[in-house]
Structure formats: C-alpha cells, structure tokens
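K.L.:
Everything below, folded, please.
(one chain, ligands or ions: 2)
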Amino acid sequence: MTKNIPQEHFLKDYQSPQYEIKSVYLTFYLSPNKTQVINHMVVEAKGGKAPLLLDGDKSLTLVSIKENNQLLLKEDYELNSESLTLFPKSNQFELEIVTEVDPESNTYLEGLYRTNGNYCTQCEAEGFRRITYYMDRPDVLSSFTTKIVADKAESKVLLSNGNLIESGDLPNNQHYAVWEDPYKKPCYLFALVAGNLEVVEDTFVTQENREVALKIYVEARNLDKCEHAMQSLKKSMQWDEERFGLAYDLDVYMIVAVDDFNMGAMENKGLNVFNSKYVLAKPESATDHDFEGIESVIGHEYFHNWTGNRITCRDWFQLTLKEGLTVFRDQEFTADMLSPDVKRIEDVKRLRNNQFPEDAGPMAHPIQPQSYIEMNNFYTMTVYEKGAEVVRLYHTLLGEKGFQQGMKRYIECFDGQAVTIQDFRQAMAEANDVNLNQMHHWYIQPGTPHLKVTKTYNPITKCLALKFSQFLNGKQVHLPLLIPVLFGFMDEEGTALPIKPSISTKNKVTQTEKGMLLKVTQLNDTFEFMGLETEPYLSLLRHFSAPVSLDYKATEEELMVLASHDSDSFVRWESIQKLAMLNLKENVIRFENSEPFLILDSYLNAFKAVLEDNEIDLALKSLAMALPDVIYFSEQYEEVNMDAILASHNFLKKAIAEFFEESLLETYQALEASEKPKYRYHKEDIANRMLKNRCLNYLLQLPKHFDIGVAQYQNHHNMTDVLAALEAMNHLARVERAQCLEDFYQRWQSDNLVIDKWFALQASAQSDQALEDVKKLTKHPDFTYHTPNRLRSLLGVFGRLNFAGFHDKTGEGYQFLAEEVLKVDKLNPQVAARLASLFSQWQRLAEPRKTLMYKAIEHIASAEDLSKDVFEIVSKTLK
Ligand code: ARG
Ligand code: ZN
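P.N.:
Numbering: from 1, shown residues only. Ligands and ions are numbered 1, 2, ... in the order given. Next comes the predicted model:
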C-alpha cells in the first residue's frame with residue numbers, strides 16, 4: 001500500500017469559503033512543454049483575517065507571486081505539493097500568480113493537456129488546480145477573462161469560455177485572443193482549447209429571438225461527421241425551450257471533439273469539450289446506438305447550462321444535484337425524440353446492469369456520498385443514474401405540471417448560486433405546497449431497496465390487502481423511503497379491474513397522469529381495496545416507478561397474462577423477462593445437480609406470443625425477445641456460480657433459436673428485404689434494425705446459418721448492420737469470422753472510433769481463445785495506453801463482458817487485468833480506477849474464483865505509489 005494514506009474528505013466538515021474571488025484574468029503563453037500561466041485575481045476577505053488557502057498540485061511549477069504588485073518572498077507564504085497558503089495584509093487585494101505547466105507530458109488528461117497536437121483542458125472535478133493556484137471548489141464563483149497567446153502555425157484556433165472580445169497578431173508568428181465570460185462561474189467550468197481545428201457552423205434563433213452561433217470544432221479529417229451532432233444540438237435547444245422554458249444565454253455555443261478524453265463530455269460554459277465518440281458519426285461508421293448516444297450526450301451537456309452552470313453545486317457531495325437532474329432531463333429528451341416506452345426499458349436495463357451491482361458492492365454509496373478520497377471516483381452510475389431515478393420520483397409524485405412549477409421556482413430562487421440538494425427539494429415542495437422531507441432518505445442511504453409484496457384476498461368480503469415491506473441491505477432498520485408504485489389490477493383474461501381503495505387507504509392512493517399511484521411511506525405499509533369479485537392479477541411498478549428491486553412472487557399464469565395484456569409496456573416486458581429468469585434459474589439448479597436442462601412452457605408460450613404479435617412496436621418486440629443480460633442474471637444470486645450461469649444462459653439462447661428457427665428466419669428475411677437503401681436515424685428504421693438483428697443473433701446460434709451473418713456483413717449497408725453481423729458471429733471461432741474481422745480492420749484502419757469497435761469485438765468474444773487474443777492485442781500497433789477509449793474498448797470490455805475469458809478458472813484473466821491496472825495507473829489514474837472497479841464483485845463469486853480474484857486485487861493493493869484513485873477503489877474493495 002502507499003505509505004501515506006491519502007486524506008478523506010467529509011460532507012460534515014463543509015465550511016463556506018472565507019474569501020471571494022471577484023474576478024480572475026488568466027493569460028496563457030502556450031507551449032507544448034512549458035506553458036506559462038499568469039493568474040491575476042481580485043480577492044476580497046469575507047470576514048476576519050484568515051490565511052488564504054489556494055489549491056495546487058505537484059504538477060505545477062511556481063514562478064512568482066505578487067500581492068498588490070509587491071513580489072512575495074519565500075518566507076511570505078507556505079507551499080507544499082497540494083496547496084499554497086498566503087497571509088494577506090489587507091481585506092481587498094490583487095494577486096498575481098505565475099506558474100508553469102507541461103501539457104505535453106500530462107497523461108492524466110486532467111488540467112491542461114495535449115491531444116493529437118491540440119491543447120485542451122478538463123477541470124471537473126478538481127483539475128483547475130493543475131493549471132494554477134486557486135480556490136478550486138464549486139462554491140467560489142468568479143468572472144473569468146482569458147487571454148491566450150500561441151504560435152500561429154501550431155494553434156490557428158484559440159478558444160475559451162464566453163464571448164471573444166479581442167484578437168490579433170503578435171511578433172514572432174504569434175497571435176492572441178481574449179475571451180470574456182459574462183456569467184460568474186466556478187473554476188471547474190473553465191475551458192481552453194487551442195490548435196489546428198476546423199469548424200462546422202450553424203445558427204439557432206432562441207424563443208427570445210436572439211441568434212446564437214453554433215460551432216463544432218474538429219480535426220479536418222472529421223469534418224464530414226458533424227451533421228448529426230449539429231442537428232442534435234439544435235433539437236436540444238428547441239426542446240429545452242419547449243419543455244422546460246429554458247433558453248440559451250450566450251451568443252455562441254461551441255463544441256470541440258477530442259480523441260483523448262477521460263469521460264463522455266464536459267459542460268464548460270459556452271465551450272463544451274467532448275470525447276469524439278459523442279460527436280462524430282456517419283451511417284457507414286456509426287451504429288444506431290452511437291447516433292442515439294450522441295443525441296443524448298449533446299443534450300446532456302447542453303441542458304447543464306441551466307442545471308449545473310447557471311445553478312451549480314455548493315460542494316462535490318451535491319454532485320447528484322446537477323447530474324441526477326441533468327440525466328433525468330436527457331432521458332426525457334431522448335424519450336421525446338424517439339420512443340418513450342423503449343427508452344424507459346433501456347434505462348431500466350442500464351440501471352440494473354450497472355448501478356444495482358455498484359449498490360450491492362464494496363463501493364456502494366448514497367447518491368449524496370458522505371465522504372470521498374478521490375472525487376473523480378464518485379462520477380458513478382449511482383450519482384448519475386440512480387440520481388436521475390430519484391429526480392423522476394419527484395416527477396411521478398408531482399406530475400409534469402407540478403414538476404415544472406418546481407423547476408421554475410428552483411431557477412427563480414437559485415440562479416447564479418451554488419446550492420444543495422435540500423434547496424432543490426425545497427423549491428419542489430414550496431411550488432407545490434407539499435411536504436417532501438421524506439425524500440431526503442433517498443439521498444443519504446446506500447443500497448437498492450428491496451420491496452416485498454404480500455397479497456391477501458378474502459373471497460367473502462371481496463377485499464384485497466397488499467402489504468409492502470421495504471428492506472435495505474437485507475434489513476428493516478433504515479429510515480423509511482417514500483416509494484411511489486404505479487399499479488393496476490387485472491382479471492384472468494387481462495381485462496383491467498376497478499380500483500376501489502378502502503377508507504383507510506384512500507389518502508395513500510391517487511390517480512395521476514401516469515395511472516393509479518400508491519405511496520409506500522413506511523417500512524411496512526398495508527393497502528386495502530374493495531369490491532373485487534375475483535382475486536386479481538397484480539400489475540406493479542408500472543413504468544418502473546421507483547428504483548427498487550420488486551419482490552412479488554407472481555405465478556407463471558399471472559406473468560403470462562401480464563406479458564401479453566398489460567396496458568403498461570414496461571410491465572409487459574418485465575413479465576416476460578421474469579418468465580425467462582425463472583427458466584434460467586431452474587437450469588442453474590439443474591446444472592448444479594447434473595440434470596439435463598429444460599425449457600419452460602410458460603416462457604416458450606410467452607415468447608411465441610410476442611414473436612407472433614403483429615401489433616406491437618418492433619423495438620419493444622425485440623426487447624421482449626432478448627434474454628435477461630448475464631450481469632443482471634448473476635445479480636440474482638448471493639453466491640455466483642459463473643459456470644452454471646453461463647451454461648444456463650447459452651442453453652436457453654440456443655434452445656430458443658432451435659424452437660423458433662423458422663419464424664425467426666422468416667422475420668429476419670422480411671425485415672432484411674424491407675430495409676431502405678438509405679440510412680435514416682429514425683425510430684421506425686431503428687426498430688426494424690433492432691428486431692432484424694435480434695433474429696440474426698438467435699439464428700447464428702445455429703452454425704448452419706452462419707452464412708446469413710457473413711452475407712449481412714458483406715452487404716455493408718450501414719455500421720449498425722455490419723456490427724450486428726460481426727457480433728452474431730463473434731462466439732464461434734470460425735474462419736469466416738476471422739476473415740470478416742480482418743476485412744473490417746483493413747477497411748477502417750484509419751478511423752479510431754471504428755477500430756475501438758474492432759478491439760471491443762475481440763475483447764468480448766466468449767471463446768477459450770479470448771484471453772490469449774486480448775493479451776496479444778495489447779501488443780498490437782494500434783493499441784495505446786494513452787487513449788482512454790482504446791483502454792476501455794479492450795481492457796474495460798474484457799473485464800465487464802467477457803465472462804468466459806475474464807473469469808477463466810485458472811485466475812489468469814484476473815492476473816492479467818491486475819497487471820494492466822498497474823500499468824495504466826502510472827499514466828492515467830482515473831481510467832485505472834475504473835478498471836480496478838471491475839474486481840468489485842469478488843466476494844460474491846463461488847470458489848475458486850473468489851480467492852483468485854481476491855489475490856489479483858491484493859496484488860494491485862500491494863504495489864508502490866498507487867494513485868489516490870486506485871488506492872481508494874482497491875482498499876474499499878478489500879474491506
Ligand atoms: N460533468 C460531466 C458530465 O456529466 C462529467 C465530468 C466527469 N468528471 C470526472 N472527473 N469524471 O457531463
Ligand atoms: Zn453531467
């Protein structure tokens with residue numbers, strides 16, 4: 001372990017800043033290895049005479065400090081690798097701090113760094129302190145002006161936040177630009193970009209009739225791939241005006257796409273920096289999924305302008321205030337652009353596959369974490385996706401109108417401020433004149449709530465009692481959560497039955513725009529309904545109205561009726577998934593008892609009903625036909641028997657293919673024949689491709705249909721179909737697969753984003769060869785440890801999706817990834833920490849894997865000089 005245990009930060013220790021930075025004028029003299037930063041601040045003490053503590057980093061070289069134009073001497077300040085402490089002589093003063101940084105050697109991709117020869121910055125969460133000494137905390141808001149001086153040939157374009165107020169030439173082939181941001185902001189929203197970039201331009205006219213210049217900056221070779229991003233931006237701007245009444249507030253909105261980026265994108269005021277994956281697309285090289293990702297991330301960053309930038313967080317423990325809310329907004333945006341029902345199911349899958357395991361593992365934390373060692377480790381599925389689910393709870397409780405009234409009040413009260421999640425809740429409550437205090441319990445307790453439902457029907461009184469019991473981490477000792485449950489009753493034919501709550505239940509049940517809603521508010525809460533002639537089937541948690549794991553033991557008959565008749569498409573999908581899960585689990589038991597596998601009639605019939613349903617939306621059909629993902633499947637077990645789970649999953653997939661071969665083939669051929677020659681990003685076309693490729697995937701479980709996959713690959717219609725063909729072929733080590741992969745590589749060698757797909761395909765192949773292949777691929781000339789996307793597509797995909805290879809019984813997969821984590825940690829701790837979290841499930845694995853994975857984590861933990869990032873993950877994982 002690292003010798004000095006890194007410091008942990010606690011929410012309870014929060015103190016408001018003692019100083020205000022009235023304004024800051026930054027001057028950058030850009031140079032690859034030695035960039036000089038002059039930071040001129042006007043500072044004012046808020047109260048007494050406290051020392052002024054400025055955050056810094058070991059990567060900074062301090063050149064000089066002036067207080068009111070007086071050069072400070074060494075004895076006038078205290079300097080260490082993380083901070084600079086000054087002892088100001090007056091209450092109002094000017095500071096000028098000169099530092100030097102080395103962008104070219106900055107492999108952390110945090111602070112100011114270089115990517116493909118261009119300069120760019122990433123400051124959230126705490127990267128600004130790698131640029132200059134500053135009060136690097138979100139509750140210090142200041143007016144920024146930025147002057148950039150650079151070589152003309154090397155950096156044609158010079159960008160920063162706000163409006164360009166001056167630019168011109170300088171001697172020695174240099175030039176400069178001055179940018180002024182009229183809005184006060186915390187330093188995490190600062191950005192600078194410089195380099196030889198080309199621009200795609202458009203305009204948007206706001207509801208207030210102001211014209212905004214829209215500019216997307218990319219490298220010249222990517223100019224033909226910006227159209228979709230630009231359309232997405234315009235749609236986002238329009239949608240935020242229509243649905244939230246929020247318009248853009250500057251004259252220019254800039255997006256820059258870079259290849260080397262630690263995350264998806266960053267909402268810097270007026271100057272978003274994006275991972276090129278979320279900007280660049282054309283039909284030949286990007287899939288429907290990529291197009292959708294671009295639309296939603298462009299939306300997400302744009303929506304941050306109000307929820308994040310105009311109103312920001314008081315401290316990083318409030319991160320979900322901006323992220324949960326902005327994810328909720330981007331989910332709603334995608335739902336409105338495409339299909340709300342499909343989007344809801346996809347979001348639930350994402351939550352269950354990624355957030356539920358996090359909440360059940362060693363890194364579990366509330367959506368408002370109470371402490372952190374490295375803040376970057378808390379940009380998690382929990383803070384983002386569960387946070388969005390919690391915002392959705394307000395929406396479900398208050399309705400669209402009430403929610404929007406709350407938003408309006410939130411913005412009126414807090415515009416221009418750095419606030420807390422309590423402030424948000426207060427605005428929602430006040431605007432609707434309701435008490436929402438209980439909602440706080442969602443913010444401060446980790447774990448996925450378990451909601452157990454028991455039903456008692458009395459045929460004499462015709463009365464139904466539903467008892468809801470909430471558990472957190474297996475117990476009932478927590479602060480009770482407010483859980484909204486959308487629901488309905490149904491008879492055996494699938495006809496909806498009336499809902500007549502008893503007197504005592506009446507005030508806990510309401511009719512909402514999303515349907516009937518009951519509110520569970522206690523650890524054990526009972527609801528009574530009258531006038532039910534027969535015992536009803538229960539449709540619960542419609543629309544997935546709360547992020548809980550629902551424990552209601554429906555019968556197979558009940559599930560079959562719900563699967564084909566429920567009015568709610570989420571419950572229909574969920575019911576067929578539950579039938580599949582029953583089947584999968586049954587076969588796990590059989591595997592453990594060395595008995596032959598079987599396929600349950602209930603699942604078979606439900607599958608048949610969906611497959612033959614001609615009314616249903618094709619995307620919903622495709623989702624219903626999919627088996628539960630392996631990750632979610634294994635989440636059902638306290639002890640995970642990986643061999644049994646994989647065998648059961650593979651068996652059922654193949655059994656479906658055999659059973660429905662003819663019908664799958666027919667559906668496939670009809671859809672393939674109806675495919676339009678020209679690609680459209682349109683929900684109908686997307687749904688067609690989804691279903692077609694679902695059929696293809698099943699068909700290729702049967703080796704005799706391999707040719708169909710090869711033919712679809714060779715057609716080269718669009719990347720969606722090409723990739724789907726490669727994925728369908730991926731589990732069989734046939735020579736055709738190798739040939740297609742080779743052809744794919746040759747065709748796309750010069751396109752990084754496509755080559756990432758090529759790496760990911762091989763990293764996810766479920767074959768005995770996979771581990772060897774992946775090891776070899778780390779030596780491939782196109783593999784680099786410097787590009788996060790490449791690391792994620794090879795190492796991340798291997799650890800997350802290669803169940804056979806990563807979980808290889810010898811433990812070699814674990815050892816391999818542990819070594820890679822250590823290599824990556826030297827260059828990029830943020831990415832290394834993400835890779836390290838792939839070991840988080842070790843305690844639940846059955847032996848021998850449990851011990852083998854433990855050893856791999858110990859190996860990481862015992863290394864010298866671990867970063868804070870990896871240290872935090874592995875030390876918590878071993879606990
Ligand atoms: N605020 C950015 C977004 O959600 C992401 C920043 C992630 N930062 C980090 N250190 N991981 O749009
Ligand atoms: Zn965000």
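K.L.:
For T115, give the beta-bridge partners.
P.N.:
T115 forms beta bridges with N118, as assigned by DSSP bridges.
K.L.:
Now that we're looking at it, what pLDDT does it have?
P.N.:
pLDDT recorded at T115 is 97.
K.L.:
ok, so what distance separates it from M254?
P.N.:
For T115, the distance to M254 equals 16 Å [CB to CB, to the nearest Å]. In this view, the C-beta of every residue, glycine as well, is placed from N, C-alpha and C.
K.L.:
Show the contacting residues for T203.
P.N.:
Listed by CB atoms under 8 Å, 6 or more residues apart in numbering, the contact set of T203 reads 211-214.
K.L.:
check which helix or strand covers it.
P.N.:
In this structure, T203 sits in strand 198-205 according to DSSP states H and E.
K.L.:
what is the mean pLDDT for that strand?
P.N.:
Rounded mean pLDDT across strand 198-205 is 98.
K.L.:
send the alpha carbons of that strand over as PDB?
P.N.:
Extracted in PDB, the C-alpha atoms of strand 198-205 (Å, rounded to 0.1, in the frame of the first residue of the first chain):
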ATOM      1  CA  GLU A 198     -11.700  23.100 -38.500                       C
ATOM      2  CA  VAL A 199     -15.200  24.300 -37.700                       C
ATOM      3  CA  VAL A 200     -18.800  23.400 -38.800                       C
ATOM      4  CA  GLU A 201     -21.200  26.300 -38.300                       C
ATOM      5  CA  ASP A 202     -24.900  26.800 -38.000                       C
ATOM      6  CA  THR A 203     -27.200  29.100 -36.100                       C
ATOM      7  CA  PHE A 204     -30.200  28.900 -33.700                       C
ATOM      8  CA  VAL A 205     -32.700  31.500 -33.000                       C
END
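K.L.:
ok, then the element right after it?
P.N.:
strand 211-218.
K.L.:
buried sites along that following strand?
P.N.:
For strand 211-218, burial by neighbour count (16 or more other CB atoms under 10 Å) applies to 212, 214-218.
K.L.:
which one of the contacts of T203 sits closest to ligand 1?
P.N.:
Set against ligand 1, the nearest of the contacts of T203 by CB to the nearest ligand atom is L214 (18.6 Å).
K.L.:
From the structure, what's the count of residues near the residue in the stretch 701-850 of the chain that ligand 1 sits nearest to?
P.N.:
Closest residue of the stretch 701-850 of the chain to ligand 1, CB to the nearest ligand atom: Q830 (6.4 Å). Counted with other CB atoms under 10 Å, the neighbours of Q830 add up to 22.
K.L.:
Check which helices and strands the helix or strand it falls within sits against.
P.N.:
Using DSSP H and E, Q830 falls within helix 829-836. Judged by 3 or more CB pairs under 8 Å, 6 or more residues apart in numbering; DSSP states H and E, helix 829-836 is in contact with helix 788-791, helix 812-827, helix 868-878.
K.L.:
how about those helices in a markdown table, adding mean neighbour count, mean pLDDT and distance to ligand 1?
P.N.:
Formatted as a markdown table, the helices and strands packed on helix 829-836 follow (neighbours: other CB atoms under 10 Å; pLDDT from 0 to 100; distance: least, CB to the nearest ligand atom, whole Å):
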| stretch | mean neighbour count | mean pLDDT | distance to ligand 1 |
| --- | --- | --- | --- |
| helix 788-791 | 23 | 98 | 11 |
| helix 812-827 | 20 | 98 | 15 |
| helix 868-878 | 23 | 98 | 10 |
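K.L.:
Mind jotting down where the strands sit in the stretch 451-600 of the chain?
P.N.:
Taking DSSP state E, counting those that start in this stretch as the criterion, the stretch 451-600 of the chain carries its strands at 463-471, 483-490, 496-497, 509-512, 515-520, 524-529, 537-540, 549-551.
K.L.:
For the last one, which strands pair with it and how are they oriented?
P.N.:
Paired with strand 549-551 in the same sheet, following DSSP bridges, are strand 450-458 (parallel).
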